[in-house]
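A structural model of the following input is requested.
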Amino acid sequence: METHIVFGGSGFIGTHLIRRLVKGGVKVISVDRKPPREKLAGVDYRLADVRDLSDLDIDAGVTRIYNFAAVHTTPGHPTHEYYETNILGATEITAFARRFDIREIVFTSSISVYGPSEETKQEDTPPAPESAYGWSKFMAERIHRAWFDENENRRLIICRPAVVFGHGEGGNFTRMAKLLGKGFFVYPGRKDTIKACFYVGDLLDALDFSVQQTERFILFNGCYPDRYTLEQIVEAFRNEYFRMARTFLVPRFVVTTAATLLKPFSALGLGIHPDRVTKLVRSTDVVPGWLERKTYAKSGMLPSAFQRWSADSSGRFD
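Presented below is the predicted three-dimensional model:
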């Protein structure tokens, strides 16, 4: 039986991954500074902070590390927290891998390393991050690459996921579903913003596919190849699940002004924040070049993804 360590095992993607690994007969060690969302039999749950793993001890025989640990919500954290957790975490996890001679790491970076622009981006597009989150993820990639380059017996897979949605996400797609459930959705100035995205189950399928390949180093974008627009995403939701919801196209400055005025109420879970309005009007036009070359990228998956999310969340889209 193989043993895998999941750093960030209590998070959204980590929780889904551990569930899958356990079903596949893998022994799992979950490491997170927060208690798990759910406890599965046979999983060794450890409370630890990736910024300092000096006291974390394990038995020999671990074959793979999954590094999902990150501060990622934007907006939501002071600038220094992105660097402290994401860079120190990469440093500590690679040091941990050296200490216990673990030779394979799967690291989830982010499409934020490309920076905001309206241009289509593939894996060979030069990174140009602007946000603290994007910079910290790019620097974490370099730390993992340095670990990989030290030894020809090591293997590294870096996935740059787009917006990942599914049960337990609690982010942009969840907020969209909540608004549509209330009967409306407001487009802030445009409907044609391209939003690269991936259902959590499809992301895990892509990670499974990548680890089955023979390459020692793999870098790939985790998203659908369809280049879905914001309008297409909203309509896919609305046509099947929120048919009574109405949509409105409102000038961006009106939405931004309202979001600024209502910003103090964002803590109530309304998702109203001027920075989120800005994200809605900026395209994340990213395509999965590596998956396409491997003929693994699947088109037309969004309706199926929403069906699986609905089933997994009992129709609540939470």
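
Contact partners for residue 165?
Residues counted as contacts of residue 165 (C-beta atoms under 8 Å, 6 or more residues apart in numbering) are 171, 172, 173, 174, 197, 198, 199, 200, 305, 309. For the C-beta atoms, the positions are set from N, CA and C on the backbone; glycine is no exception.

List the beta-bridge partners for it.
Beta-bridge partners for residue 165, by DSSP bridges, are residue 199.

how near is it to residue 292?
21 Å (C-beta to C-beta, to the nearest Å).

Mind checking which of the contacts of residue 165 land in strands?
Under the assignment DSSP state E, the contacts of residue 165 contribute 197, 198, 199 to strands.

Pull the contacting residues for the last one.
Residue 199 makes contact with 164, 165, 166, 301, 305, 308, 309, according to C-beta under 8 Å, 6+ apart.

who does the residue lying closest to residue 39 once chain neighbours are set aside bridge with?
Excluding the flanking residues, the one nearest residue 39 by C-beta to C-beta, 6 or more residues apart in numbering is residue 45, at 6.8 Å. Counting by DSSP bridges, residue 45 is bridged to residue 30.

so residue 45 makes contact with residue 6?
No. Contact criterion C-beta atoms under 8 Å: residue 45 and residue 6 do not qualify, at 10.1 Å.

where do the contact lists of the two overlap?
residue 30.

Who has more neighbours out of those two?
Counted by other C-beta atoms under 10 Å, residue 45 and residue 6 do not tie: residue 6 has more neighbours, with 27 against 16.

That one: what's it in contact with?
Neighbours of residue 6 in contact, by C-beta under 8 Å, 6+ apart: 14, 17, 18, 21, 28, 29, 30, 31, 66, 68.

and what of residue 27?
Per C-beta under 8 Å, 6+ apart, neighbours of residue 27: 1, 2, 3, 4, 42, 44.

let's see it at 6 Å
Neighbouring residues of residue 27 by C-beta atoms under 6 Å, 6 or more residues apart in numbering: 1, 3.

Residue 127 too?
Contact partners of residue 127, counting by C-beta under 6 Å, 6+ apart, are 113, 138.

how about it, phi and psi?
Here is the backbone geometry of residue 127 (degrees, to the nearest 10): phi -60, psi 140.

Model confidence at it, what's the number?
Here, the pLDDT recorded for residue 127 equals 96.

distance of it from residue 34?
For residue 127, the distance to residue 34 - C-beta to C-beta - is 29 Å.

Likewise for residue 291?
In this view, residue 291 and residue 34 are 31 Å apart by C-beta to C-beta.

Looking at the two, which is more packed in?
Neighbours of residue 291 and residue 34, each counted by other C-beta under 10 Å, are more numerous for residue 291; the result is 21 against 10.

For that one, give me its contacts.
Residue 291 neighbours (C-beta under 6 Å, 6+ apart): 220, 297.

do the same with residue 137
Counting by C-beta under 6 Å, 6+ apart, residue 137 makes contact with 109, 110, 112, 113.

thinking again about what came up before, just the contacts of residue 6: which are in strands?
28, 29, 30, 31, 66.

Quick check: pLDDT value at the last one.
If I follow you right, that is residue 66. Per-residue confidence (pLDDT) for residue 66: 98.

Wait, it touches residue 107, no?
No. Residue 66 lies out of contact with residue 107 (C-beta atoms under 6 Å); the separation is 8.1 Å.

need the strands for this structure, in chain order.
Counting by DSSP E, the chain has these strands, from start to end: 3-7, 27-32, 44-47, 62-67, 104-108, 117-121, 155-161, 163-165, 184-188, 197-199, 217-222, 246-250, 284-286.

what helices or strands is the longest one leaning on?
Contact partners of strand 155-161 among helices and strands, from 3 or more C-beta pairs under 6 Å, 6 or more residues apart in numbering; DSSP states H and E: strand 104-108, helix 132-149, strand 217-222.

Make JSON lines out of those and add mean pLDDT and distance to residue 179.
Converted to JSON lines, the helices and strands packed on strand 155-161 look like this (pLDDT from 0 to 100; distance: least, C-beta to C-beta, whole Å):
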{"stretch": "strand 104-108", "mean pLDDT": "98", "distance to residue 179": "27"}
{"stretch": "helix 132-149", "mean pLDDT": "97", "distance to residue 179": "24"}
{"stretch": "strand 217-222", "mean pLDDT": "98", "distance to residue 179": "25"}
